[in-house]
Structures are given as C-alpha cells and as structure tokens.
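[1] Sequence first, predicted model second:
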Protein chains: 2
Amino acid sequence: MKNQLLKFNSSYLHQAASVVGSKERQGPLGEKFDSFSEDDRFGQDTWEKAETEMVKRTVEALIQKSEIEWDDIDAFAGGDLLDQCIATSHAMNNNGVPYLGLYGACSTAAEGLIIGSLLAEKGFTVGTVASSHFCSAERQYRFPLEYGSQRTPTAQNTVTGCGSFLLNSKKSDVRVKEAIIGRIQDNGISDANNMGAAMATAAIDTILRYFKKTGRTEKDFDIIATGDLGQEGLELGKEYAKSLGLILGSNYVDCGMLIYDLKTQEVGAGGSGCGCSASVFAAEIYPKIKNGEYKNALLIGTGALLSPKSIIQNKIIPSVAHLVCFERV
Amino acid sequence: MKNQLLKFNSSYLHQAASVVGSKERQGPLGEKFDSFSEDDRFGQDTWEKAETEMVKRTVEALIQKSEIEWDDIDAFAGGDLLDQCIATSHAMNNNGVPYLGLYGACSTAAEGLIIGSLLAEKGFTVGTVASSHFCSAERQYRFPLEYGSQRTPTAQNTVTGCGSFLLNSKKSDVRVKEAIIGRIQDNGISDANNMGAAMATAAIDTILRYFKKTGRTEKDFDIIATGDLGQEGLELGKEYAKSLGLILGSNYVDCGMLIYDLKTQEVGAGGSGCGCSASVFAAEIYPKIKNGEYKNALLIGTGALLSPKSIIQNKIIPSVAHLVCFERV
C-alpha cells in the first residue's frame, strides 16, 4: 500500500438532501431533514417499494435544492442495504442518468462521496445517494416485523433514511479535500446483534492511517463522525484507539447516536444502516460545515459486511470504514 | 447529461487472471484460464466459501503473474452476485488492502475497470475483481441444486468464474482509453428466465451513446463484446440496434456465448454472472489485445438488477450496461 491518501484537487460539495421515517423525525435532528413519512410507507404497498420511493424523493429534493435540472447531472453513484441493492436501482430506473452501483453496507454514503469525487475531478456533476429502511432491512436481515422478536441491548436500529449529495469541480464553500479507502478486517466478532463492536476496529484503523499519512491529529478537526458504531461501538472504538496511543475526545461522535435520543427512543445502541450516516451528514454535519461552524470535518462511514447466509454459516463479520475529509473554504 | 464520455489519460491494464469451475474448463476457452476446480468446491464445504476461495485464488494468480508483492497494490475494487457481496468481502478480509465494494450484477467487471481507472489516474495501483458461482447463485436466485428444477430455453447458466485485473498509470501495451457509464433502464421484461432480453436494450443504449459521443463506428473495433446477453439477448440486441440505424456485424459477440459450447453443453442461452465477462475478458479478449490481434476493443458489461424479492413483487427487471474501450498502444 504505497499510496493510501486520495487527495482531491477539485471536488466540491454543493448541496445535500435527506428524507427519513417517523422515528427519525421524532429524534433530535427531526426538523432538519427535508421531509419524512408519517408511517414509513411513503405511499407504497411494500417496504421495498417504500424505500425506492424514499430514494426518489431524496434525489428530487437534491435537484430542487441545487436549482439544477435532471439533465445537469452526469452520473449517480449509490447503494442501499437490500439484496442486490434493489431500492436504489429501482429508484434510478429510467431516469436517464448514468449510474454506478456500490455496496459498502452502512459505509456506502462515504464510499459514494469518494467515488463521486473521483468523477467530479473528471468534470462530472455527480449525485451520490445511500439509503436504508428499518422495515425492509428487518425482514431481510432478521425477521418480519410481525414476528415481534426481542432485541439485545447492543443491537442497533436500522435508520429509515436516505441522504443524497451533489458534487462537481466548481468551487463551493465545502471542499472534499481527501479520503482514505478502508481495509476490510475483522476482530473475531460473529454476533450480528453487535455490529458496532464488529466495526469499531475497522474505523480506528482507517482513522489512524489517515492521521499517519497526513500528519494531522484529532485536534485538527471540529468533528470526527463515524457512521454507525452506536453506543457500544463508539466506546469500544475509543478504548481501542487509546490502546494504540490515540486519545479521542468530545469531537468524536457517531451518526447513529446523533439521529436518535437513546434515552427516550427504543433504538438499542443507536442507529445503523446506509441511511444513518447519509441522512445525518446531509441534515446536520454538512450544513454546519457550510455555515462555518465546522471548519474541518471527518466522516468515517462504517460498514459491517455480513449477510444472513454468512451468519448462518458461522462466519465472522468483516467490516470496512471509509474516511472522507471536508474543509470549509 | 452534459458529460458522458469518461476519457482516461493514464490508465493501463498490466495483467489479468482468471479461475473457473468444471463446466467452464470443459468449454471452448477451457485451457486459457489460469486454473480451475474439478468439482467447483475449491476444497470448501459450502458454495459461498467455495466462491470466496475462488476469488482468493484469482487475486493470488494476478499478483503472481504481475510479479509484484501484495504491498504494491493500493486498492481493490470488486463485487459478486451474492447477497451483500459476501464472496468478495470475505476474500478481501484481513488482506490489508483498501477495498471499494461494487454492485452492478453481471456488469461488475466493467464497472470495476472504470472505477479502477479513476484510481489509476490518481497514481494508485489497483486490482479489480468480479466473480460468480453457479451453485451459490442458483440457491440464492432460484432453487437449491437438489431441487432439480427445469430451465427454460432462454435461461442462462451462471458462470463459475472469477476475473481479476491490474491497473495503474505506468504505460503498458493495453491502454484503458475511455468509458461510458450505463443508464439503468427496463424494457418491460419481468421474466427472470430471460435476462438476456431484459439487458439487450441497456447494452445497445450504451453502445449508441458511445458512438455518438466519440464519432466512432462499429467498424473501428476488432471486437465489441457484451458481457452476458446470451444467444437470445445478443440477437435481440442486434435487431434493436438495427431498428435504431446501427448494423452490428460479426465483430459483435457475447462473453456468455464464448465461454460455453451452446451446442454440446447444457447451458441454455449461454453464460451469465459477474464471472462471465470477467473471466472471458481476462482469459480470451485481454490476451488478444496484448498480442496485437485486437487493436481496438469494447467490453460492454451487462447487468440485470433483479433480486428474488423484486421478482416475487412482480417488478420489471431494470438493467445497466457499462462500456470500456481498450486500445493496443
């Protein structure tokens, strides 16, 4: 790995949009999202179609907020949690825009911003998108809702949410400065109800690689936000980092803990899913970079690369964490 | 879509490797693959683990043939057909190399070459990989093998195969010249046993967009290879192209028809799966560009973006086709 740091000369974030479900609307960031669905159905008769509709609405909001036309977008890059990422591919179907499908589990938003930045530097105007839906994810990864299964304390709540971003090489207030692509790794955890712990080491690995390559430290950033380690994973991440000589302070937060009120909402250890980091970054973090409250920000999208089959076959959970560095210019 | 053509200034293909199963070994290209498994198990006790092992062996072969060390690779980009792409993520687990996960169904190899080229231009040495396995795909998309289900004439045979490619910005004989990212579209087909027909229009759309943007014609290419339209899709593609004024001749072929002998092997309309275009391009097409037999080549990776759930919900099959142009320099 002679080259690790991806420096972007001309990738700028121009706009963001987010659409969520009812639980997210009731959370601490509730009013910041662009729109929401009262019953999480988005007017559809299946959960998968609901997620597709949510993605469509998010992208439409992005285009509207950006004050551009559909024809101004040269490509989309994105994905979701569903098998074969059907939520996004059906949302993109027949919209006439070239599309690159990604799968990074819950790290997809960060991955999209990296790939989107590569395209932006080639002169493309790119939309990136990442989504998840509690109901479609539950029945795919665990059980149908009607089953009423119990959750463990470390289990997280898949966010019903979608975040979408517009990038191109024209200057804006928010520059995508550089990125580190994560390395898939595991720490021996095979418990699908403790994904935060599974992902924590991957997140710290990426953060450490970034600091080593750039010479920067955690003090240089107003916010260091992981995607969805949740309460358990965030704390374990801190301890693990400390064991490797990195002290993470109060600027080290997790999107899964920002999107819900863990004390009052029944969300276990916090939010998870592609839509978690995507919607939180769109609604909460990006606006604060844009208005100057955050001058330097890191987003570390964290993904647990399990599947129901891999869990049944008793395989450990490999994880990956991609880091993107943003700068107010 | 003001920008459509992705021109690469410095992306060169240095090496390719391929590993396949028994049926592919018995096909017309059999001796050209780097290795194969007699019983498709690759020494493993589940089909999913077998596919992971196949991916590992392919990447190891790539590194060996390239005469490089693991540490020389800055990133991998790849994917497969399995839910959450677990074949590839488990193959990449703990290998220490940064990884971008993709999902383009059977178009993943072409998609990987595009994203890999974007990274190569940033100075990265990139490995791309795409795989599929007949047995793991059958039980996920259709039925377990023991069920003995009957296949329709237009059904294709998922290739047990993996192809891997090495790209960087150092000059080699094979340049990745330019690419067109596909647009997701459908033509009303919802028959999961006729994916070739579902994908044909997406393939022709991409080819036409490429010719329009570059001013080139089908006569400028020694080979125009789609990924896995199969016999049905290839013919339909020809008719559709003709209806739009494009006459495709004998240089227009399909990897799914190159990898098997459709007359003697029970493969329906031909091969399909991520591993189809990946292994055929690695073993058959790339060597012919390298040795000068092909001076200009197009690979159009075709992907049908269905899932078992989307089929159950009676949704049409959206498809995407990514085009990559190679030049012998």
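    Yes, it's here.
[2] Counting neighbours, show which residues of the helix or strand hosting residue A:50 come out buried.
    Residue A:50 is part of helix A:47-66, with elements assigned from DSSP states H and E. Neighbour-count burial for helix A:47-66, counted by 16 or more other C-beta atoms under 10 Å in any protein chain shown, picks out A:47-63, A:66. C-betas here are computed from N, CA, C, even on glycine.
[3] What of stretch A:162-179?
    A:162-169, A:172, A:174-179.
[4] what ranges do the strands span in chain A?
    Ranges of strands in chain A, per DSSP state E, are A:5-7, A:12-20, A:35-36, A:75-80, A:99-101, A:126-132, A:157-158, A:161-168, A:174-180, A:223-226, A:252-254, A:271-272, A:296-304, A:319-328.
[5] I'd like these laid out as TSV, including distance to residue A:264 and mean pLDDT.
    Formatted as TSV, these follow (distance: least, C-beta to C-beta, whole Å; pLDDT from 0 to 100):
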stretch	distance to residue A:264	mean pLDDT
strand A:5-7	40	98
strand A:12-20	17	98
strand A:35-36	18	98
strand A:75-80	28	98
strand A:99-101	37	98
strand A:126-132	22	98
strand A:157-158	13	96
strand A:161-168	19	98
strand A:174-180	32	98
strand A:223-226	22	98
strand A:252-254	18	98
strand A:271-272	14	97
strand A:296-304	25	97
strand A:319-328	29	98
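[6] circling back: from the chain's centre, how far out does the helix holding residue A:50 sit?
    16 Å (C-alpha atoms, centre = their mean, to the nearest Å).
[7] CA atoms only for that helix - export them in PDB, please.
    Output in PDB follows, covering the C-alpha atoms of helix A:47-66 (Å, rounded to 0.1, in the frame of the first residue of the first chain):
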ATOM      1  CA  TRP A  47     -41.400  -1.900   2.300                       C
ATOM      2  CA  GLU A  48     -39.000  -2.300  -0.600                       C
ATOM      3  CA  LYS A  49     -41.100   0.000  -2.800                       C
ATOM      4  CA  ALA A  50     -41.300   2.400   0.100                       C
ATOM      5  CA  GLU A  51     -37.500   2.600   0.300                       C
ATOM      6  CA  THR A  52     -37.400   3.100  -3.500                       C
ATOM      7  CA  GLU A  53     -39.900   6.000  -3.200                       C
ATOM      8  CA  MET A  54     -37.800   7.500  -0.300                       C
ATOM      9  CA  VAL A  55     -34.700   7.400  -2.500                       C
ATOM     10  CA  LYS A  56     -36.600   9.100  -5.400                       C
ATOM     11  CA  ARG A  57     -37.900  11.800  -3.100                       C
ATOM     12  CA  THR A  58     -34.400  12.500  -1.800                       C
ATOM     13  CA  VAL A  59     -32.900  12.800  -5.200                       C
ATOM     14  CA  GLU A  60     -35.700  15.000  -6.300                       C
ATOM     15  CA  ALA A  61     -35.100  17.200  -3.200                       C
ATOM     16  CA  LEU A  62     -31.400  17.400  -4.100                       C
ATOM     17  CA  ILE A  63     -32.100  18.500  -7.600                       C
ATOM     18  CA  GLN A  64     -34.700  21.100  -6.400                       C
ATOM     19  CA  LYS A  65     -32.400  22.500  -3.600                       C
ATOM     20  CA  SER A  66     -29.500  22.600  -6.100                       C
END
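[8] quick one: is that helix near chain B?
    Yes. Helix A:47-66 lies within reach of chain B by C-beta under 8 Å from any C-beta of the partner chain, at A:48-49.
[9] Could you pull out the helices in the stretch 101-250 of chain A for me?
    Assigned by DSSP state H, counting those that start in this stretch, the stretch 101-250 of chain A shows helices spanning A:108-120, A:134-141, A:195-214, A:230-243.
[10] and among these, the most buried is which?
    Comparing these by mean neighbour count (mean count of other C-beta atoms under 10 Å in any protein chain shown), helix A:108-120 ranks first with a mean of 30.
[11] For chain A, which helix or strand comes out least confident on mean pLDDT?
    Counting by mean pLDDT, DSSP states H and E, chain A has its least confident helix or strand at helix A:308-312, which shows a mean of 91.
[12] circling back to that earlier point, of all the strands of chain A, which one is nearest chain B?
    strand A:99-101 (4.4 Å; C-beta to the nearest C-beta).
[13] distance of residue A:223 from residue A:300?
    11 Å (C-beta to C-beta, to the nearest Å).
[14] just residue A:60 next, same as before
    Relative to residue A:300, and taking C-beta to C-beta, residue A:60 is found at 29 Å.
[15] quick one on the thing from earlier: adding mean pLDDT as columns, could you present the helices of the stretch 101-250 of chain A in JSON lines?
    JSON lines is the format used below for the helices of the stretch 101-250 of chain A (pLDDT from 0 to 100):
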{"stretch": "helix A:108-120", "mean pLDDT": "98"}
{"stretch": "helix A:134-141", "mean pLDDT": "94"}
{"stretch": "helix A:195-214", "mean pLDDT": "97"}
{"stretch": "helix A:230-243", "mean pLDDT": "96"}
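[16] got CSV for these, with distance to residue B:104 too?
    Shown next, in CSV, are those (distance: least, C-beta to C-beta, whole Å):
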stretch, distance to residue B:104
helix A:108-120, 12
helix A:134-141, 20
helix A:195-214, 24
helix A:230-243, 30
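[17] For residue A:276, which of these is the nearest?
    The minimum distance between residue A:276 and these falls on helix A:108-120, with 8.4 Å, by C-beta to C-beta.
[18] Kindly report the residues of the stretch 201-329 of chain A close to chain B.
    Counting by C-beta under 8 Å from any C-beta, the stretch 201-329 of chain A sits next to chain B at A:303, A:305-310, A:313, A:315-316, A:318, A:320.
[19] Now that we have these, which of them are buried?
    Buried among those (16+ other C-beta under 10 Å): A:303, A:305-307, A:309-310, A:315-316, A:318, A:320.
[20] was I right about residue A:129 contacting residue A:162?
    Yes. Counting by C-beta atoms under 8 Å, residue A:162 is a contact partner of residue A:129 at 6.6 Å.
[21] If anything else comes up later, I'll come back, but that's it for now.
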